[in-house]
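build the 3D model from these lines:
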Amino acid sequence: MGFLGKRKQNPPIDFSDALNREKAAKDTKVAAPLQPRGSKVAADIVADIKSPGATKKTNIGTSKAPEMDAKGIYSILVQTRQCEELCLSLGLTMSDIRKMKRKYNDNDMYHSGEITQAEFFFMINEDRRPLSVGIFKFADIPDTQKFISFDQYLLCVVNFAVLTKPELYQFVFDLYDADQSGGLDDHEFLKMSVELQSKQFNFSANVGTAIKMLEGREDRAAFAPDDGLMDLGEFMKFAKNFPVAFYPILNMQKNVRTSTLGGSRWSRITANKLKVQELVRYMRRHQGAIPELTLFESVANIFTSDVFNNRKRAGELYARELAQRRLISTREDDFD
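Residues are numbered from 1 along each chain as shown. Purely as a prediction, here's the structure:
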């Protein structure tokens, strides 16, 4: 062929070299480090987390258990289903969560998304002692855990803030019933009395006087049976007769409320909680029927959404109870 008949040939493609080049390019990419849960750093942006924040234990890995992840009702602020359902069941608003998140961030010294136990107790204006550490039971936080995520913080303060007085007394009882026997023996009762009389508390002298009235065998006999154990019922009688002895735990709840959403807001949330419980009890007795609005509720419904929301939450809780009963019944039938 002549000159015009010749074609310029392209060099042969070596596919193995191309693959190697592609692999090398991928290997040179720097993977962005995982951010601590609750971090204020946006996705795909590498945070410069300095020591000691870099050593903090993070709470990453919600994708490993999708059923435990939040549904996004509170946007990205709440990340676990447990915490989300708690806040939702009590009617906490997005504004409530944001307010607590701002306070949480303000006390996050290293801006890493988590606070230390020391920062937690500073936030709620309490010293770290056995009685105050008991609040960690609501989030299953071990005593050795150094850092607390925002979800864990919410589980602690929200659960504690909505406790009624009888529930606070039971909280103390369960805290000092170390062997979970259902009764306080002499050793456990003594440990509780020493803690409640701590001079760190205000009015410790008055608390001490109330406690000492039960230190003698004759006085304790009025509340404790022959076996020497004080069960929950007898403990409640003691609390009713000597409420001043429980000033430290009542004051701790006051501090938790004041340092988060404020006393008036928590009082309203607690009142709504009790109303929902009352509605659910009514629905159990009347095959799911919900009571008619009272005149007061009809008027209040004009000015606030609490009446509607309480009835809605009661209906949801009752429906969930029915679903659980059906599930248990189905499983029992399968075994039969």
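
every contact and neighbour count from this point should use C-alpha atoms.
Noted.

for this protein, give me the ranges with low pLDDT.
Scanning the chain for pLDDT under 70 picks out the ranges 1-65, 67, 198-228, 333-336.

for the stretch 1-150 of the chain, which segments are assigned as helices?
Here the stretch 1-150 of the chain has its helices, by DSSP state H, counting those that start in this stretch, at 15-27, 81-89, 94-106, 117-123, 130-133, 150-161.

out of those helices, which is the most enclosed?
helix 150-161 (a mean of 21; mean count of other Cα atoms under 10 Å).

can I get that one in PDB, CA atoms only?
The C-alpha trace of helix 150-161 is given here as PDB (Å, rounded to 0.1, in the frame of the first residue of the first chain):
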ATOM      1  CA  PHE A 150     -25.900  14.200  74.300                       C
ATOM      2  CA  ASP A 151     -28.400  11.300  74.100                       C
ATOM      3  CA  GLN A 152     -27.100   9.900  77.400                       C
ATOM      4  CA  TYR A 153     -27.300  13.400  78.900                       C
ATOM      5  CA  LEU A 154     -31.000  13.600  77.800                       C
ATOM      6  CA  LEU A 155     -31.800  10.200  79.200                       C
ATOM      7  CA  CYS A 156     -30.500  11.200  82.500                       C
ATOM      8  CA  VAL A 157     -31.900  14.700  83.000                       C
ATOM      9  CA  VAL A 158     -35.300  14.100  81.300                       C
ATOM     10  CA  ASN A 159     -36.100  10.900  83.200                       C
ATOM     11  CA  PHE A 160     -35.000  12.500  86.500                       C
ATOM     12  CA  ALA A 161     -36.700  15.800  86.000                       C
END
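
quick check: domain ranges of this structure?
Domain ranges of the chain: 63-161, 165-256, 262-335, per automatic domain parsing.

rewinding a little: dump the helices of the stretch 1-150 of the chain to a markdown table, plus distance to residue 178.
A markdown table is the format used below for those (distance: least, Cα to Cα, whole Å):
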| stretch | distance to residue 178 |
| --- | --- |
| helix 15-27 | 54 |
| helix 81-89 | 26 |
| helix 94-106 | 31 |
| helix 117-123 | 22 |
| helix 130-133 | 12 |
| helix 150-161 | 20 |
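
the ones you listed: which one's closest to residue 281?
Ranking these by proximity to residue 281 (Cα to Cα) places helix 81-89 first, at 15.9 Å.

what is that closest one packed up against?
In terms of contacts (3 or more Cα pairs under 8 Å, 6 or more residues apart in numbering; DSSP states H and E), helix 81-89 is packed against helix 150-161.

quick one, what contacts residue 261?
Contacts for residue 261 were tallied using Cα atoms under 8 Å, 6 or more residues apart in numbering; they are 96, 99-100.

okay, those residues in JSON lines with distance to residue 305 next?
What follows is the contacts of residue 261, written out as JSON lines (distance: Cα to Cα, whole Å):
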{"residue": "96", "distance to residue 305": "16"}
{"residue": "99", "distance to residue 305": "20"}
{"residue": "100", "distance to residue 305": "22"}
